[in-house]
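Peer 1: Output the structure for:
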Amino acid sequence: MKVTQIHPVIRDISDCGRCAVRENSLFSEFTDEDFRLIQAPIEDFRFTPGAVIYKQGDKVNGLYTIRSGMVKLNRLNVDGTQRILRILRIGDIIGLEASLSQHYENDAIAINTVTACRIPSEAIARLDRESPRLHHNLMKKWHETLIEADQWFGELTNGLARVRMARLLLKMRDSDESDVSSLFSLEDIGSVLGMTIETASRIINTLLREGKIRRINGGDRHYQIDIAALEKESQSSAL
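Peer 2: Numbers count the residues shown, from 1 in each chain. Here you go, the predicted structure:
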């Protein structure tokens with residue numbers, strides 16, 4: 001897949017302290033002294049939909065904090081097919097393995113327009129040695145990632161198709177508007193939930209007819225959802 005991105009913009013490190021997603025980032029507990037330890041340029045990127053941020057096996061050059069948009073993590077299977085492992089959103093870290101590994105473990109691809117800042121690997125290594133706050137936050141992020149991965153696998157790959165769709169709609173709720181859920185292409189939904197495109201489309205249309213979800217502004221990616229109805233649906237054992 002072709003990489004489509006604008007040239008990175010170098011960010012003044014002082015801007016990191018004022019970042020809107022700082023409280024959810026690795027820098028959440030940083031002091032001014034910690035920021036001075038970075039001693040490397042923080043680059044801002046804007047990735048267009050479908051842009052490859054990095055490929056599985058690429059040499060690690062840093063980790064990214066998502067400031068807007070959604071990113072899918074793909075893993076190449078032995079049969080040549082790809083499976084979406086997780087969907088990352090605002091405040092999530094892409095390439096967390098940069099703190100331990102020399103190569104990225106999966107593909108990271110922008111679902112929609114994504115803005116992200118990249119912290120170089122050498123800066124992460126230095127801070128991990130010299131800042132107990134970063135080391136603590138790295139361990140915290142690893143723990144959160146493991147929990148999220150377990151939940152992702154357990155909730156979205158088990159159960160009947162309609163139940164899995166309800167769980168996905170609940171999981172993809174907006175952090176500011178809990179009754180708004182943002183999805184992605186039917187192909188990606190099928191990959192995440194382990195179902196065909198046709199099945200995904202049929203279930204979404206059924207939920208629309210039943211009034212449990214409603215398209216916002218006539219689009220096919222953003223939905224206003226009936227939280228109570230979907231929570232009941234997500235616990236159902238019947239199709």
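
Peer 1: those helices in the chain, which residues are they?
Peer 2: Ranges of helices within the chain are 32-37, 121-130, 132-156, 161-171, 186-193, 197-209, 227-234, based on DSSP state H.

Peer 1: what is the mean pLDDT for the longest one?
Peer 2: In other words, helix 132-156. Across helix 132-156, the average pLDDT comes to 73.

Peer 1: ok, now the last one?
Peer 2: Per-region confidence: helix 227-234 scores 95 on mean pLDDT.

Peer 1: Mind listing residues that contact it?
Peer 2: Here helix 227-234 makes contact (Cβ atoms under 8 Å, 6 or more residues apart in numbering) with 162-163, 166-167, 169-170, 173, 178-179, 210, 212-213. C-betas here are computed from N, CA, C, even on glycine.

Peer 1: quick revisit: point out the most buried one among the helices of the chain.
Peer 2: Counting by mean count of other Cβ atoms under 10 Å, helix 161-171 has the highest mean neighbour count of those, with a mean of 21.

Peer 1: Give me the angle between that helix and helix 197-209.
Peer 2: Angle, helix 161-171 to helix 197-209, by axes from the mean of the first three to the mean of the last three Cα atoms, to 10 degrees: 70 degrees.

Peer 1: Quick one: end-to-end distance for stretch 174-182.
Peer 2: End-to-end span of stretch 174-182 (Cα to Cα, to the nearest Å): 7 Å.

Peer 1: Buried residues, that stretch. List them.
Peer 2: Under the neighbour-count criterion of 16 or more other Cβ atoms under 10 Å, stretch 174-182 has 181-182 buried.

Peer 1: Quick check: beta-bridge partners of the residue positioned nearest the centre of the chain?
Peer 2: Centroid-nearest residue in the chain: L88, 0.4 Å away (criterion: Cα atoms, centre = their mean). Following DSSP bridges, L88 is listed with bridge partners V71.

Peer 1: What's opposite T65 in the beta bridge?
Peer 2: Listed beta-bridge partners, T65: I93, C117 (assigned using DSSP bridges).

Peer 1: That one reaches G95, doesn't it?
Peer 2: No. Using Cβ atoms under 8 Å as the test, T65 is too far from G95 to be in contact (10.0 Å).

Peer 1: pLDDT of stretch 62-80, averaged?
Peer 2: Average pLDDT, stretch 62-80: 87.

Peer 1: Kindly report the same for stretch 118-126.
Peer 2: Mean pLDDT, computed over stretch 118-126, is 80.

Peer 1: One more: stretch 204-224?
Peer 2: The average of the pLDDT scores along stretch 204-224 is 90.

Peer 1: care to break this protein down by domain?
Peer 2: Using automatic domain parsing, the domains assigned to the chain come out as 9-155, 160-234.

Peer 1: From start to finish, how long is the shortest one in a straight line?
Peer 2: In other words, domain 160-234. End to end - Cα to Cα - domain 160-234 spans 10 Å.

Peer 1: same check, this time on stretch 180-197
Peer 2: 22 Å.

Peer 1: which outside residues touch it?
Peer 2: 70, 72, 82-84, 87, 111-112, 156-157, 161, 164-165, 168-170, 172-174, 199-201, 213, 216, 221-225.

Peer 1: Thanks again, I'm all set now.
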